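>>> Show me how the following folds:
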Amino acid sequence: LRAGGKDKERALAVLDYALNKILKLLHPFMPFITEELSHRMGFVEEGKSIMFASWPEAGEVKFNSELISAIDGKFEMVRAGRYLRSSYSIADGKKLAFHIKAADAKTMEILKAEQESLKHLLNASEIELSMESFDSASKGAAPSQLGALGVISLPLAGLIDVEAECAKLEKQLKDIEKWLAGVRGRLANEKFVKSAPEQVVADARKNLEELEEKK
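Next comes the predicted model:
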């Protein structure tokens, strides 16, 4: 829709088709509002009713499973990029630069075709598409996420204070190690394991697993 021209016309045609079918499917359950909408949206002529429209049938449209898979991969990439943003508490409104390493040459063509859409959905100032991994050795730290279409990285240069972030993580690590020592001590105490209620012991073991995973 944002692209305008033929792309917009095609998107509107698909949207009309889908909405028309949805209104027909909803009609038995929501008769009045679907009747009103179908007339207002021009799907049903004046003097006629959606009640008599033909029922949608499966198989009216042949779907391109390969294309659907590619679009699923695109949205997986968007979720990964948003996760990277939220992981470093970067405001949603701040435009970021991302790097995406395509899984292969075919995937690169898909990413190129969807590049503008990706920029919009990720609120990115730019997205560098490449067949190579992000060069963190020369360009600085860039946390990444792996998806079906490739690896998305968020260069942190100029975004956060890396030293301060490392110091914060070191402090968190020390706290976790302190809690781990406490839980391990309790579970190593035979008296606690034998006399404490079964659920309490089970909770302590679960807590130990969670803390080890966090560490």
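
>>> what about the chain, any weak spots by pLDDT?
Within the chain, no stretch has pLDDT under 70.

>>> Show me where it has its helices.
Listed from the start of the chain, the chain has helices (DSSP state H) covering 5-26, 31-40, 65-87, 105-113, 115-122, 136-139, 162-188, 190-195, 198-214.

>>> Out of those, the one nearest Leu149 is which?
helix 65-87 (4.1 Å; C-beta to C-beta). All C-beta spots, glycine's among them, are computed from the backbone N, C-alpha and C.

>>> Please name every helix or strand in contact with that closest one.
strand 96-102, helix 105-113, helix 115-122, strand 144-147, strand 150-153 (3 or more C-beta pairs under 8 Å, 6 or more residues apart in numbering; DSSP states H and E).

>>> what angle do it and helix 115-122 make?
Helix 65-87 and helix 115-122 are oriented at 40 degrees to each other (axes from the mean of the first three to the mean of the last three C-alpha atoms, to 10 degrees).

>>> Using neighbour counts, pick out the buried residues of helix 65-87.
70, 73-74, 76-78, 80-81, 84-85 (16 or more other C-beta atoms under 10 Å).

>>> can you put those in JSON lines and add distance to Arg2?
Output for these, formatted as JSON lines (distance: C-beta to C-beta, whole Å):
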{"residue": "Ala70", "distance to Arg2": "19"}
{"residue": "Gly73", "distance to Arg2": "21"}
{"residue": "Lys74", "distance to Arg2": "15"}
{"residue": "Glu76", "distance to Arg2": "21"}
{"residue": "Met77", "distance to Arg2": "18"}
{"residue": "Val78", "distance to Arg2": "15"}
{"residue": "Ala80", "distance to Arg2": "22"}
{"residue": "Gly81", "distance to Arg2": "18"}
{"residue": "Leu84", "distance to Arg2": "24"}
{"residue": "Arg85", "distance to Arg2": "21"}
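
>>> What is the most widely separated pair among the residues you listed?
Using C-beta to C-beta, the buried residues of helix 65-87 reach their maximum pairwise distance at Ala70 and Arg85, which is 23.1 Å.

>>> Count the residues that sit near Leu180.
16 (other C-beta atoms under 10 Å).

>>> Could you check how far the residue nearest the centre of the chain is from Leu129?
Against the mean C-alpha coordinate of the chain, by C-alpha atoms, centre = their mean, the closest residue is Arg79 at 2.1 Å. Note on Arg79: its distance to Leu129, by C-beta to C-beta, to the nearest Å, is 18 Å.

>>> what's the closest non-adjacent residue to Thr97?
Residue 97: Ala, not Thr. Once flanking residues are discounted, Ala97 sits nearest to Glu126: 4.9 Å by C-beta to C-beta, 6 or more residues apart in numbering.

>>> unless I'm mixing things up, Ser87 is touching Pro143, no?
Yes: at 6.9 Å, Ser87 counts as touching Pro143 under the criterion of C-beta atoms under 8 Å.

>>> No further questions, thank you.
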